[in-house]
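K.L.:
Need a 3D model of the sequence below.
(chains A, B, C and D)
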2 protein chains.
Amino acid sequence: MSGYAPSEAARRSGFSLDTLRYYEKIGLLADVERTAGGQRVFTDDDLGWLVLFRCLRDTGMPIAQMRRYAQLARDGEHTTDERHELLCHHAARVEEQMRLLQRQYDHLREKISFYERQPLVAPGAEAEQAG
Amino acid sequence: MSGYAPSEAARRSGFSLDTLRYYEKIGLLADVERTAGGQRVFTDDDLGWLVLFRCLRDTGMPIAQMRRYAQLARDGEHTTDERHELLCHHAARVEEQMRLLQRQYDHLREKISFYERQPLVAPGAEAEQAG
DNA sequence: CTCCAACCTGGAGCGCGCTCCAGGTCAAGC
DNA sequence: GCTTGACCTGGAGCGCGCTCCAGGTTGGAG
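P.N.:
Numbers count the residues shown, from 1 in each chain, chains lettered A, B, ... in the order given. Just a heads-up that it's a prediction; the model follows:
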């Protein structure tokens, strides 16, 4: 059940082969196993990390911070508080990001509704907006 | 009421001076007025555009697409359908983005709650997760 | 009139996160 | 044993969106 070829790991994780190698190179994924010949073998644990990295990446965490998190996890049990804190801070930023996105989405919708109302309104009746 | 110095426009829009110049250079903001000596004077209309650009940027629209939108607007009334369509497509992408962000935020929260439950649970009682 | 902070230009540089490449190795199927 | 496609490495390159710089000009305050 564990031991995936690079292409399989790529397929399952949604990251490209190059990205998987890159993540290992910069120390996000550490010590990926190898065959005798030197080819990578990804474990279920690696896949779990990749799922996490996707979550963090999709929510806008910089790679440097993911690296830090991964390093803390490798450092052992005594770093759980710091890891917890790191994730909480990140979650707070994500919440802010969601609020901003919602706000700007509302603006966008308003702008769109302006285009949709325009044909029904007498020319010049609405305040001129940019665009 | 209209006619802002670059620094004032920067302050009001939240973009840096360099970014304002950059936006003009690449044709997002076209034909910004100048004093006799060549210094920029931003109008309320320019400010309106900047508000729009911030909205589009914050929702992840690439600059090339903003450029296209701005160009269409300059091309006149007969492009309203295309502009409307462009914004609608963008809005759809933003909705997808919001769904993804929410989903990944939920994962993140789950991960965090794992850290918060951990001290209460007997060692080995929970499935091992990466990180 | 002088000063100096704000402004101008063209163009180089940067930070991020990959992505691609050349040149070589590995390993599964025939 | 041979072929062939997947894989390896180190390092260069890229696309985006700015950001910074040098060297010069402008314009309002005193």
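
K.L.:
In chain A, what residue lies closest to DNA strand C?
P.N.:
In chain A, the residue that lies nearest DNA strand C is residue A:37 (2.4 Å; CB to the nearest atom of the strand). C-betas here are computed from N, CA, C, even on glycine.

K.L.:
ok, now which ones touch residue A:69?
P.N.:
Listed by CB atoms under 8 Å, 6 or more residues apart in numbering or on different chains, the contact partners of residue A:69 are A:56, A:83, A:86-87, B:131.

K.L.:
Could you confirm whether the longest helix along chain A reaches chain B?
P.N.:
Identified as the longest helix of chain A according to DSSP state H is helix A:80-117. Yes - in this structure, helix A:80-117 sits against chain B according to CB under 8 Å from any CB of the partner chain; the contacting residues are A:80, A:83-84, A:87-88, A:90-91, A:94-95, A:97-98, A:100-102, A:104-105, A:107-109, A:111-112, A:115-116.

K.L.:
Restricted to buried residues, select those residues in ChimeraX.
P.N.:
Buried members of those, identified by 16 or more other CB atoms under 10 Å in any protein chain shown, are gathered into one ChimeraX selection as follows:
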select /A:83,84,87,90,91,94,101,104,105,107,108,111,112,115
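
K.L.:
just the residues of helix A:80-117 next to chain B that are near DNA strand C?
P.N.:
When CB under 7 Å from any atom of the strand is applied, no member of these is adjacent to DNA strand C.

K.L.:
Kindly report the residues of chain A close to DNA strand C.
P.N.:
By CB under 7 Å from any atom of the strand, the residues of chain A that approach DNA strand C are A:16, A:18-19, A:21-22, A:35-39, A:57, A:62-64.

K.L.:
remind me which residues of chain A are low pLDDT?
P.N.:
Screening chain A residue by residue with the criterion pLDDT under 70, one finds the ranges A:1, A:118-131.

K.L.:
ok, back up a step: tell me the two of the contacts of residue A:69 that are most distant?
P.N.:
Taking CB to CB as the measure, the contacts of residue A:69 span a maximum distance of 12.0 Å, between A:56 and A:83.

K.L.:
before we move on, back to that, could you save the residues of chain A next to DNA strand C as TSV and add columns showing secondary structure, neighbour count and distance to chain B?
P.N.:
As requested, the residues of chain A next to DNA strand C are exported to TSV (DSSP: H, G, I helix; E, B strand; the rest coil; neighbours: other CB atoms under 10 Å in any protein chain shown; distance: CB to the nearest CB, whole Å):
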residue	secondary structure	neighbour count	distance to chain B
A:16	coil	10	19
A:18	helix	9	21
A:19	helix	16	17
A:21	helix	15	19
A:22	helix	14	18
A:35	coil	10	22
A:36	coil	5	26
A:37	coil	5	26
A:38	coil	6	24
A:39	coil	10	22
A:57	helix	15	9
A:62	coil	10	15
A:63	helix	15	15
A:64	helix	9	16
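
K.L.:
Could you identify the most distant pair in those residues?
P.N.:
Farthest pair in the residues of chain A next to DNA strand C (CB to CB) is A:36 and A:62. Separation: 36.4 Å.
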